[in-house]
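S.K.: sequence and predicted model, in that order:
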Amino acid sequence: MRAQHTKNGRPGGGAAADAHQGPGGSRLRVRTVEIRPGEVVLIDQLALPHEERYVTCRTWREVADRIRDMTVRGAPAIGVTAAGGVALAAAEAAAAGPDDPGALRAALEQAAAGLSATRPTAVNLRWALDEMRSVWEAALAAGGAASRPAAVADALLLRAQAIHDDDVDRCLRIGGHGAGLLRAGDRILTHCNAGALATAGYGTALGVVRSAAARHPGISVWVDETRPWLQGARLTAWELQVEGIPYRLISDNMAGHFMRRGEIDGVVVGADRIAADGDVANKIGTYSLSVLAREHGVPFYVAAPLSTVDLATETGDGIPIEERDPAEVTTFRGERIAPEGAEARHPAFDVTPAAGVTAIVTEVGVLRPPFGPALAGACALGRCGP
């Protein structure tokens, strides 16, 4: 069964119109994912910016499909959504059958494996699944009433909702730390979408921009369109418009021109995985921006929660790079833009070496080179990825 679509499908209207309270009383205008009993509700990022609509998933398989087809995307948002998928799997297993902890464990392992296989580069996905696994393993090991499927399902729902709220809290702290790196009047370039739509509701790179814009007058943003999915043109521009932050959209190959003219004061991007040495995997095209920034003396900042840090991967060479369907390059929204028979490649991510990164902004503070010791120290303070 395909997940249900609804237009502006929640009480009080759509995400942009209905600001709501996040952790700590923050006002969140974009609801990327909500985890409720028996359902995971996602803003449909494939429909933006033309239509604001929501997808309701009621099984983990529907969640996996929506991660795979990029209805939901962005490393933190994928992790949060996958946690919600595990909660759905537990509820389904608890409702389906005998009071059998062994069958429940098998169902949860199947769901975790299926969700894990959806997108390989973002480490937040595996981190969230490991967090959920620790809950169900502890409950089943406890025995008694705590190990009954209904009780385990309740515990997993609470943990998934906590992962959601924790992500917003991390992003708020990232924004606060990163805002101190920017100044009044700065013109900031960003790539892809690392905003509220890529997280549980506040953003990493755009969280820094949002926090800076609240503190410093005159902050504006250069938005890379980000081919081939146009996450910058479709999503980042939409978010900035919702927030009332001035922006200008450019095609990806214009960034060097504006850097050379001195019209870009800094680059802030997100990350899908950060290796132990500080190498960063992010949306394809990020590496090119880092080279341009270094050539022109423009600071290049990466903003990401510690759940994106993978200390088990020594360098960026060990990060798996997802290759997506070449048709996503040769067509757009089903319409061919290249000749019939044209061959294409579509790596979804690239790796920026640590030497090209000025600083990494995390929820525990701003990390400076050498990144190996800085990341290890930060992970001792917070919860890093696997």
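M.R.: Received it, and whenever you're ready, just let me know what you need.
S.K.: a helix runs through Tyr287, doesn't it?
M.R.: Yes: under DSSP: H, G, I helix; E, B strand; the rest coil, Tyr287 sits within a helix.
S.K.: ok now do the closest residue to it other than its chain neighbours, which residues does it touch?
M.R.: Nearest residue to Tyr287, sequence neighbours excluded (Cβ to Cβ, 6 or more residues apart in numbering): Asp350, at 4.3 Å. All C-beta atoms are positioned from the backbone trio N, CA, C, and that covers glycine. Asp350 makes contacts with 281-288, 321, as judged by Cβ atoms under 8 Å, 6 or more residues apart in numbering.
S.K.: one more time with 7 Å, if that's ok
M.R.: Applying Cβ atoms under 7 Å, 6 or more residues apart in numbering to Asp350 gives the contacts 284, 286-287.
S.K.: what's the burial count for Thr362?
M.R.: For Thr362, the number of neighbouring residues by other Cβ atoms under 10 Å comes to 30.
S.K.: thinking again about what came up before, of the contacts of Asp350 - the most surrounded one?
M.R.: Most neighbours among those, by other Cβ under 10 Å: Thr286, with 26 neighbours.
S.K.: secondary structure class for the residue nearest to Tyr287?
M.R.: Put simply, Asp350 is strand when judged by three-state DSSP.
S.K.: pairing partners for it in the sheet, please.
M.R.: Asn282 (DSSP bridges).
S.K.: model confidence score at it, please.
M.R.: Note for Asp350: predicted pLDDT of 98.
S.K.: which residue is the nearest non-sequential neighbour of Ser251?
M.R.: Glu225 (5.2 Å).
S.K.: so what's that neighbour up against?
M.R.: 232-233, 249-252.
S.K.: and what of Asp224?
M.R.: Going by Cβ under 7 Å, 6+ apart, the list of residues near Asp224 reads 189-191, 232, 250, 252, 255, 285.
S.K.: mind listing what's buried in the longest helix along the chain?
M.R.: Assignment by DSSP state H gives helix 149-179 as the longest helix of the chain. Counting neighbours by 16 or more other Cβ atoms under 10 Å, one finds that the buried residues in helix 149-179 are 149, 151-157, 159-161, 163-179.
S.K.: repeat that for stretch 370-386.
M.R.: Buried residues in stretch 370-386, counting neighbours by 16+ other Cβ under 10 Å, are found at 371, 374-375, 378-379, 382, 384-385.
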